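Participant: all I have is the shape, not the residue letters:
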């Protein structure tokens, strides 16, 4: 009977030691996303600023495809950060669109932005 008890205790101890071995951490996928809704109805033709909040899993950058729209800061690190989208006045007399692409590692996400005509 004592032998069975000893075997049971040893078995439990071996199971406990094996379950405490170092686990390999799972990697977090690269991502960057806007948390706040940046542009619901289009921006004013007078230009201006639009603060937004982004979340990124690693270092990120923001690049615009139009000269009249840009982001500050245009890069940052892992975590949640507030950035500002800047719009120059629209003097073209036409509605215009541009996009900003946020990139974190190999992942990127683009947002199309619209500015109303004067």
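Facilitator: Structure received. In this text, all values refer to a predicted model and were calculated from it rather than measured experimentally.

Participant: number of residues surrounding residue 97?
Facilitator: Residues within reach of residue 97, counting by other Cβ atoms under 10 Å, total 12. C-beta: built from backbone N, CA, C; applies to glycine.

Participant: sorry, wrong one. I was asking about residue 93.
Facilitator: 9.

Participant: where's it relative to residue 118, distance?
Facilitator: 6 Å (Cβ to Cβ, to the nearest Å).

Participant: lowest-pLDDT helix or strand in the chain?
Facilitator: The weakest-scoring helix or strand in the chain, judged by mean pLDDT, DSSP states H and E, is helix 2-19 (a mean of 52).

Participant: contacting residues around the particular helix or strand that has residue 84 in it?
Facilitator: For residue 84, the host element (DSSP states H and E) is strand 79-87. Identification of contacts with strand 79-87 by Cβ atoms under 8 Å, 6 or more residues apart in numbering yields 35, 38-39, 43-44, 47-56, 62, 68-73, 76, 100, 113, 115.

Participant: recalculate using a threshold of 7 Å.
Facilitator: 35, 38, 43, 47-56, 62, 68-73, 100, 115 (Cβ atoms under 7 Å, 6 or more residues apart in numbering).

Participant: drop anything exposed from the residues you listed.
Facilitator: 38, 43, 50, 52, 54, 56, 62, 68-71, 100, 115 (16 or more other Cβ atoms under 10 Å).

Participant: what are the buried residues along stretch 58-65?
Facilitator: Neighbour counts using 16+ other Cβ under 10 Å place 58, 60-62, 64 of stretch 58-65 among the buried residues.

Participant: need the residues you listed in TSV (columns: distance to residue 108).
Facilitator: Shown next, in TSV, are these (distance: Cβ to Cβ, whole Å):
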residue	distance to residue 108
58	12
60	9
61	9
62	10
64	13
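
Participant: just the ones of those in helices?
Facilitator: Among the buried residues of stretch 58-65, DSSP state H puts none in helices.
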